[in-house]
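In: no sequence on hand, only this structure:
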């Protein structure tokens, strides 16, 4: 069974492993060169252009492309490796001959999992760890004005999905989904389309945007209402951080901590006619003090308007980067649990093949 699985699938297996190895070498090479430019911190999407083809742009391009390929590889491998692994035998019904040879149906199924899927998943795990190392070397920056900062958080998309051990679990799940769909539909094209749908509308979406923030209890920081500043045209963005934290929610809350969505349109009072205009005999310092007093008065009235609607404070909920590997472990465990479930469905279909 092992030899048969290898002989039928060696070409896609070797092509996949070689391509992953190329990405690993590219990431390692880029990771060694980007830190040579400490004045520049890398972030996803930085790459060479016709106006920028010097200095660190080439290793930055390598890291960006390696991250991008790592993001879509689970889908591509599920469609073009996972599906054909079983479809090439089930669709033309040559599996009938294989199942009459020595060995059980369970052995026939798991031989392909062990020979094809596990090596690719292990290689993708190695790619994720290398990307975590390479991209982490060049995300730190500092300046006299803002001090130490990072160019991205490990929780940001697509770094969480590609820079860690979860990449291998995502790959294994997509390979198993593709193979199970091939056993169900017995059509390679239909199974590939279904794998695409599952990846686009379930796997990354469900975990990136829905489940992940519930892996733990976020830290909550309470701030003053400051409604006038928060509702201004150039309001501060609570989701932007420079210390790697992952903000999962921010907004007005009542005294019990429940979210409040006040109507803010009528809370702002108009400026006086002489706001920021010097009155007769008024000095620049007097104008500055008067303008500040008027702004504070308007801000107080705005906050009072929000308090009348039940607002007590402004809460920011976030996770620190210390939670990254714990979240990686949780999501990897979930992916492996789903992989076992999908594998069980695939094994059930194998036992019912005629």
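Out: Good, I have the coordinates. Here the structure is a predicted model, which is why all the values come from computation and not from measurement.
In: from residue 303, how far off is residue 269?
Out: 12 Å (CB to CB, to the nearest Å). Every C-beta, even on glycine, is put in place using the N, C-alpha and C of the backbone.
In: so where is the chain shaky, pLDDT-wise?
Out: 1, 38-39, 50-55, 92-103, 141-148, 354 (pLDDT under 70).
In: tell me the buried residues in stretch 58-65?
Out: Within stretch 58-65, the residues scored as buried using 16 or more other CB atoms under 10 Å are 59-64.
In: now residue 23. Nearest residue, chain neighbours left out?
Out: residue 66 (4.9 Å; CB to CB, 6 or more residues apart in numbering).
In: where's the one you found, which helix or strand?
Out: helix 57-77 (DSSP states H and E).
In: in three-state terms, label the residue minimising distance to the centre of the chain for me.
Out: The centre of the chain sits closest to residue 157, judged by CA atoms, centre = their mean, with a distance of 3.1 Å. Of the three states, residue 157 takes coil under DSSP: H, G, I helix; E, B strand; the rest coil.
In: what's the distance between the nearest residue to it once chain neighbours are set aside and residue 170?
Out: In this structure, residue 157 finds its nearest non-sequential neighbour in residue 208, 6.1 Å apart by CB to CB, 6+ apart. For residue 208, the distance to residue 170 (CB to CB) stands at 11 Å.
In: residue 44 too?
Out: On the measure of CB to CB, residue 44 and residue 170 end up 17 Å apart.
In: neighbour count for those two, which is higher?
Out: residue 170 (30 against 21; other CB atoms under 10 Å).
In: for the residue lying closest to that one once chain neighbours are set aside, give me its contacts.
Out: Nearest residue to residue 170, sequence neighbours excluded (CB to CB, 6+ apart): residue 74, at 4.5 Å. Applying CB atoms under 8 Å, 6 or more residues apart in numbering to residue 74 gives the contacts 124, 167, 170-171, 173-174, 199, 203.
In: same thing but at 10 Å, please
Out: 82, 120-121, 124, 161-162, 167-175, 177-178, 199, 203-204, 335 (CB atoms under 10 Å, 6 or more residues apart in numbering).
In: which of those residues are buried, as a ChimeraX select command?
Out: In ChimeraX syntax, the buried subset of these is picked out as below (16+ other CB under 10 Å):
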select :82,120,121,124,161,162,167,168,169,170,171,172,173,174,175,177,178,199,203,204,335
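In: helices - which of the contacts of residue 74 land there?
Out: Among the contacts of residue 74, the ones falling in helices (DSSP state H) are 120-121, 124, 161-162, 167-175, 177-178, 199, 203-204, 335.
In: that older thread, right, and the residue nearest to residue 157 touches residue 162 too?
Out: No: using CB atoms under 10 Å, residue 208 makes no contact with residue 162, being 11.7 Å away.
In: so how far is residue 269 from the closest residue to residue 295 other than its chain neighbours?
Out: Excluding the flanking residues, the one nearest residue 295 by CB to CB, 6+ apart is residue 228, at 7.9 Å. Look at residue 228 and residue 269: by CB to CB, they are 9 Å apart.
In: same check on residue 318?
Out: 33 Å.
In: and these two? which has more neighbours close in?
Out: residue 318 (22 against 14).
In: report the contact partners of the more buried one.
Out: 153, 155, 213, 218-221, 238-239, 241, 243, 245-250.
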